[in-house]
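**Student:** For reference, the sequence and a predicted model appear below.
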Amino acid sequence: MRTTLRAAATALMILLLGAVLAGCSAAAPAPAQLKAGIHTITMKGDRLVTIHVPAHAIGAAPLVLVLHEFPGNGALAMGYGFDPLVDADGFVGVYPDGVSDGSWNAGGCCGDAALNDADDVAYLTSVVKAVEARTKIDPKRVYVTGFSNGAMMAYRLGCDTDLFAAIAPMSGDLESACKHPAAASVLHVHGLADADVSFDPASDAPWRKAGGCGPPTVTQSGSIHTSLADCAHGSSVEVVTIDGMAHEVPWTTSQGFGAPDIWAFFKAHPRG
């Protein structure tokens, strides 16, 4: 009799455990897939992420994370020139908000994010993962760009994660320790008249070393100076400096270089 009772009790425990596990699985359904168009999701309390899914994506799409300046937000970053390219070129554009005062913790800068040591590396990693869970993304074609404080944050993401095939900081510098970044392509765009964040060519040195890059080829076309170094496995480090450009987002109409050129660089540099 004791053996029978013990066996019955064991069977009941197994049934109860199975019910609990089934309940846990049912409580966490897969997130709904996003259709073509512009969507917003809320993450980490009240931080908004705007996601633009292209109308005619073919297969797994590239992802371009665009980071705003300080102070700023994702809506401001949508005006940097990348959003009109989403439907035309079939990538997913992602525009997250920084902390409440519109800053990112890039290491030495900026605002409340740096003051309170916000873990924006972990946050932005979770943003990328959340978008990947809601859309079909090619993990070999995940990119990040940003302006000013957003550019500094793009550098930090390139230093502290291996998510990105290429990074493209605009008018920003490296504000964090970056001894051993994952190999990635880099496009650094900076105005030579920038009085807010001076151009620092050393910002790109960690990727030259990580990529085993050769000596750069330097060219000039009008006010645009280009230094291009080829690196291992098809990667490259390119620095574009523009005469007369202050601390501003480069625009094709005024400086001869802009979002379409950055997107062209991204397209040419998937992860090898």
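**Tutor:** Here it is on my side, so go on.
**Student:** Low-confidence stretches in the stretch 51-200 of the chain?
**Tutor:** For the stretch 51-200 of the chain, no stretch is flagged by pLDDT under 70.
**Student:** all helices for this protein, in order.
**Tutor:** For the chain, the helices defined by DSSP state H cover 2-27, 74-77, 83-89, 111-115, 120-134, 149-160, 205-210, 252-255, 259-267.
**Student:** Run through the strands of the stretch 51-200 of the chain in chain order.
**Tutor:** For the stretch 51-200 of the chain, the strands defined by DSSP state E, counting those that start in this stretch cover 61-67, 92-96, 137-147, 166-170, 185-191.
**Student:** JSON lines for those, including distance to Ala113 and mean neighbour count?
**Tutor:** Where C-beta positions appear, they are placed from N, C-alpha and C, glycine not excepted. Formatted as JSON lines, the strands of the stretch 51-200 of the chain follow (distance: least, C-beta to C-beta, whole Å; neighbours: other C-beta atoms under 10 Å):
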{"stretch": "strand 61-67", "distance to Ala113": "12", "mean neighbour count": "26"}
{"stretch": "strand 92-96", "distance to Ala113": "12", "mean neighbour count": "27"}
{"stretch": "strand 137-147", "distance to Ala113": "13", "mean neighbour count": "22"}
{"stretch": "strand 166-170", "distance to Ala113": "17", "mean neighbour count": "28"}
{"stretch": "strand 185-191", "distance to Ala113": "22", "mean neighbour count": "27"}
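**Student:** May I see those arranged in TSV, with distance to Asp112 as well?
**Tutor:** As requested, the strands of the stretch 51-200 of the chain are exported to TSV (distance: least, C-beta to C-beta, whole Å):
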stretch	distance to Asp112
strand 61-67	16
strand 92-96	16
strand 137-147	18
strand 166-170	21
strand 185-191	26
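**Student:** Quick one: closest of these to Pro270.
**Tutor:** Pro270 lies closest to strand 137-147 among those, at 4.8 Å (C-beta to C-beta).
**Student:** Sheet partners, orientation included, of that closest one?
**Tutor:** The strands beside strand 137-147 in its sheet (DSSP bridges) come out as strand 61-67 (parallel), strand 166-170 (parallel).
**Student:** for these, which one sits closest to Ala183?
**Tutor:** Of the strands paired with strand 137-147, nearest to Ala183 by C-beta to C-beta is strand 166-170, at 10.6 Å.
**Student:** What angle do strand 185-191 and the closest one make with each other?
**Tutor:** 10 degrees (axes from the mean of the first three to the mean of the last three C-alpha atoms, to 10 degrees).
**Student:** Please name the residues that touch Ile137.
**Tutor:** Ala60, Ala61, Pro62, Leu63, Val92, Val131 (C-beta atoms under 8 Å, 6 or more residues apart in numbering).
**Student:** tell me which of those is nearest to Ala154?
**Tutor:** If you rank the contacts of Ile137 by distance to Ala154 using C-beta to C-beta, Leu63 comes first, at 13.6 Å.
**Student:** Does that closest one touch Ala130 like I think?
**Tutor:** No: Leu63 is beyond contact range of Ala130, at 11.2 Å (criterion: C-beta atoms under 8 Å).
**Student:** if we can go back for a sec, figure out which of the strands of the stretch 51-200 of the chain is closest to Gly74.
**Tutor:** Between these, strand 92-96 lies closest to Gly74; by C-beta to C-beta that is 3.5 Å.
**Student:** List of residues touching that closest one?
**Tutor:** 43, 47-54, 57, 61-68, 74-75, 77-78, 82-83, 85-86, 123-124, 127-128, 131, 135, 137.
**Student:** Which of those are buried, as a PyMOL select command?
**Tutor:** Remark: buried members of the contacts of strand 92-96, expressed as a PyMOL selection using 16 or more other C-beta atoms under 10 Å:
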select buried, resi 47+49+50+51+52+53+54+57+61+62+63+64+65+66+67+68+74+77+78+82+83+85+86+123+124+127+128+131+135+137
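**Student:** How about the contacts made by Ser198?
**Tutor:** Ser198 neighbours (C-beta under 8 Å, 6+ apart): Asp173.
**Student:** now it: how far from Trp104?
**Tutor:** 19 Å (C-beta to C-beta, to the nearest Å).
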